[in-house]
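In: sequence and predicted model, in that order:
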Amino acid sequence: MSQKQWPSWLPLRKDLAALSPYGAPQVPAEATLNTNENPYAPSPALVEAITKRVAHVAATLNRYPDRDATVLRAKLAEFINEQSATSFGVENVWAANGSNEIIQSLYLAFGARPTLGFTPSYSMHPLIAKVVGVDWHDGGRRPDFTLDIDVASRQVQQLCPALTFITTPNNPTGTKVSLAEIRVMAEATKNVEGLLIVDEAYAEFDEEESAVTLVNKFPNVVVVRTMSKAFAFAGARLGYLIANPELVEALFLVRLPYHLSALTQAAAEVALEHRTELLATVSKLIDSRKKVVAEVEALGLKVVPSSANFILFTGFDIPAPQLWQMMLDRGVLIRDVGLSGYIRMTIGNDAENKKFIEALKKCLNGEK
Ligand SMILES: Cc1ncc(COP(=O)(O)O)c(C=O)c1O
C-alpha cells in the first residue's frame with residue numbers, strides 16, 4: 001500500500017502521518033478464514049436469549065449504562081474462577097470494547113517508561129503503543145518463533161520496561177509459552193517495577209494453566225482475555241483483564257465515562273450465562289485443527305506447532321502475497337501476516353476447512 005499524503009491544512013500528529021490503519025481485508029469469500037474468528041454462529045436459543053435481554057435494556061437507553069459494568073465483571077470473574085480454580089472478585093476484573101481497548105488503557109495508564117514485546121506477535125501491541133505515543137521495543141524471538149526466556153529476561157533487566165507483553169498462544173505463530181516460563185518473566189519484570197502483560201486471547205484453545213494463577217503471588221501480572229475467539233462473540237466486542245485490584249482501580253483513571261454500552265454489557269452477560277454451549281466449540285475446533293494440520297502436512301508443507309484456533313504454515317514456493325490472492329480467487333480468504341514464506345489460516349467449520357484444503361492443493365499444483 002502506498003503511503004497516504006495528508007493535506008497540509010490537517011494538523012495531524014507527525015508521528016501518525018506515516019502509519020497505516022489496522023486493516024485485515026474484509027472482502028466477501030466463501031470461506032472467511034483470516035481473522036481468527038470462531039466459525040460457529042450463536043444458536044437460535046442464544047440469539048433469542050440475547051434478543052430478550054437487549055429488548056429489556058432498550059427500554060432504559062435514555063440512561064447511561066453502569067459505568068463500572070459491575071454485574072458483567074462479576075460474571076467474568078466467576079467464569080475465570082471456574083476455569084482456573086481461582087477466587088477472583090469483581091475488583092480483579094476490568095472490561096472494555098474488545099481486548100484492544102484493554103491494551104490501549106494499559107498503555108495510557110502505565111506507558112510512561114519504555115515497553116517491550118517479542119515479534120512476530122500480535123501486530124496491534126506496537127501499533128496501539130504508537131498511536132498513544134508510547135515507546136515500544138522489539139525483543140525478537142528464535143527463528144522457530146519460540147521465546148527465549150533467558151534472552152527476554154535479560155532484555156527486561158536492561159530496558160526496565162513499564163510493560164512487557166507476552167502473547168500465549170502467540171498470534172500469528174500459534175506457539176506457546178509455558179506457565180513456568182511466564183513465572184520467570186513475572187519475576188524479571190517485578191524486579192524492575194514493571195508489569196507483565198500476558199495476552200491470552202487464545203487461552204481456551206490451549207491446555208496450559210492460565211497465568212491468572214500467578215496474579216495473587218505477582219501483583220505485577222496482568223492477564224488480558226477476550227470473548228472474541230473461544231466464546232464466538234467477536235461482533236459484540238468484549239475484552240477483559242484479570243489483575244490486582246489496585247491496578248484495576250488505576251484503569252478507572254483512563255477509561256472514558258460509560259465506555260461499555262448497556263447493550264454490550266447485556267449481550268455479554270447472556271453469553272457468559274450460556275458459556276457451556278459456547279465453549280463446546282473449543283474442543284471441536286481443536287479436533288479440526290489437528291485434522292487440517294495433518295492435511296496441510298500431507299501436501300508437503302510445514303506447520304508451526306499451534307495451540308490456538310489458527311495455523312501458520314510454510315514450505316510453498318509461491319510468494320505469500322501471491323498465494324493469498326490465489327486462495328482468494330478460489331473463494332478462500334486467509335491471512336498474509338507479512339512474514340516472508342509463511343501464511344496463516346484460521347480453523348473454520350468442516351465445509352470451510354475442506355474448501356481451504358482443496359483450494360490450497362490447486363494453488364500448489366498450479367491448477368485452476
Ligand atoms: C493476541 C490477540 N490479542 C488481542 C486481540 C484483540 O481481540 P479483541 O479486540 O477482539 O478482543 C487479538 C485479535 O485477533 C489477538 O490475536
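Out: On my side now, so go ahead.

In: ok now the longest helix anywhere in the chain, how far from the chain's centre?
Out: The helix spanning the most residues in the chain, taking DSSP state H as the definition, is helix 275-298. Centre-to-centre, helix 275-298 and its host chain are 18 Å apart (CA atoms, centre = their mean, to the nearest Å).

In: from the contact counts, what lies against it?
Out: Applying 3 or more CB pairs under 8 Å, 6 or more residues apart in numbering; DSSP states H and E, one finds that helix 275-298 contacts helix 44-58, strand 302-303, strand 310-314, helix 350-365. Where C-beta positions appear, they are placed from N, C-alpha and C, glycine not excepted.

In: contacts for it?
Out: By CB atoms under 8 Å, 6 or more residues apart in numbering, the residues outside helix 275-298 that reach it are 38-40, 42-43, 45-46, 79, 204-205, 230-233, 271, 303, 306, 309, 311, 313, 345, 347-350, 353, 356-357, 360.

In: give me that answer again for 6 Å
Out: Under the criterion CB atoms under 6 Å, 6 or more residues apart in numbering, residues Asn38, Tyr40, Glu204, Ala230, Phe231, Ala232, Val303, Asn309, Phe313, Ile347, Asn353, Ile357 lie in contact with helix 275-298.

In: next SSE downstream of the worst-scoring helix or strand of the chain on mean pLDDT?
Out: Least confident helix or strand of the chain, by mean pLDDT, DSSP states H and E, is helix 14-17 with a mean of 93. Later in the chain than helix 14-17, the nearest helix or strand by DSSP states H and E is strand 31-32.

In: given that following strand, what are its sheet partners and their directions?
Out: Here strand 31-32 is paired, per DSSP bridges, with strand 332-333 (parallel).

In: list the contacts of Arg335.
Out: By CB under 6 Å, 6+ apart, the contact set of Arg335 is Asn34, Arg344.

In: scratch that, Asp148
Out: For Asp148, the contact set (CB under 6 Å, 6+ apart) comprises Arg142.

In: so for stretch 108-122, mean pLDDT?
Out: Mean per-residue pLDDT for stretch 108-122: 98.

In: rewinding a little: in the longest helix of the chain, what counts as buried?
Out: Judged by neighbour count using 16 or more other CB atoms under 10 Å, the buried positions of helix 275-298 are Arg275, Leu278, Thr281, Val282, Leu285, Ile286, Ser288, Arg289, Val292, Val293, Glu295, Val296.

In: what's the answer for stretch 235-249, then?
Out: For stretch 235-249, a neighbour-count test (16+ other CB under 10 Å) marks Ala236, Arg237, Leu238, Gly239, Tyr240, Leu241, Ile242, Ala243, Asn244, Leu247, Val248 as buried.

In: show me the two of those residues that sit farthest apart.
Out: Using CB to CB, the two most remote members of the buried residues of stretch 235-249 are Ala236 and Asn244, lying 26.8 Å apart.

In: ok, whatever residue of the stretch 51-200 of the chain ends up closest to the ligand to Ala234 distance?
Out: Using CB to the nearest ligand atom, Gly98 is the residue of the stretch 51-200 of the chain that sits closest to the ligand, at 2.8 Å. Distance of Gly98 to Ala234, given as CB to CB, to the nearest Å: 8 Å.

In: give the contact list for Thr146.
Out: The neighbours of Thr146, taking CB under 6 Å, 6+ apart as the test, are Thr175.

In: pLDDT of the helix or strand Arg154 falls within, averaged?
Out: If you go by DSSP H and E, Arg154 is part of helix 149-159. Helix 149-159 shows a mean pLDDT of 98.

In: ok, stretch 56-66 next?
Out: For stretch 56-66, mean pLDDT is 97.

In: okay, buried residues for stretch 23-34 please.
Out: Neighbour-count burial for stretch 23-34 flags Ala29, Ala31, Thr32, Leu33, Asn34 (criterion: 16+ other CB under 10 Å).

In: a markdown table for those residues, including distance to Asp317?
Out: A markdown table is the format used below for the buried residues of stretch 23-34 (distance: CB to CB, whole Å):
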| residue | distance to Asp317 |
| --- | --- |
| Ala29 | 24 |
| Ala31 | 23 |
| Thr32 | 26 |
| Leu33 | 22 |
| Asn34 | 22 |
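
In: and which of those is nearest Phe118?
Out: Checking these against Phe118 by CB to CB gives Asn34 as the nearest, at 23.1 Å.

In: before we move on, the earlier item: need the buried residues of stretch 235-249 in JSON lines (columns: pLDDT, secondary structure and distance to Ala85).
Out: Output for those, formatted as JSON lines (pLDDT from 0 to 100; DSSP: H, G, I helix; E, B strand; the rest coil; distance: CB to CB, whole Å):
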{"residue": "Ala236", "pLDDT": "97", "secondary structure": "helix", "distance to Ala85": "27"}
{"residue": "Arg237", "pLDDT": "98", "secondary structure": "coil", "distance to Ala85": "29"}
{"residue": "Leu238", "pLDDT": "98", "secondary structure": "coil", "distance to Ala85": "23"}
{"residue": "Gly239", "pLDDT": "98", "secondary structure": "strand", "distance to Ala85": "23"}
{"residue": "Tyr240", "pLDDT": "98", "secondary structure": "strand", "distance to Ala85": "19"}
{"residue": "Leu241", "pLDDT": "98", "secondary structure": "strand", "distance to Ala85": "19"}
{"residue": "Ile242", "pLDDT": "98", "secondary structure": "strand", "distance to Ala85": "13"}
{"residue": "Ala243", "pLDDT": "98", "secondary structure": "coil", "distance to Ala85": "18"}
{"residue": "Asn244", "pLDDT": "98", "secondary structure": "coil", "distance to Ala85": "19"}
{"residue": "Leu247", "pLDDT": "98", "secondary structure": "helix", "distance to Ala85": "22"}
{"residue": "Val248", "pLDDT": "98", "secondary structure": "helix", "distance to Ala85": "21"}
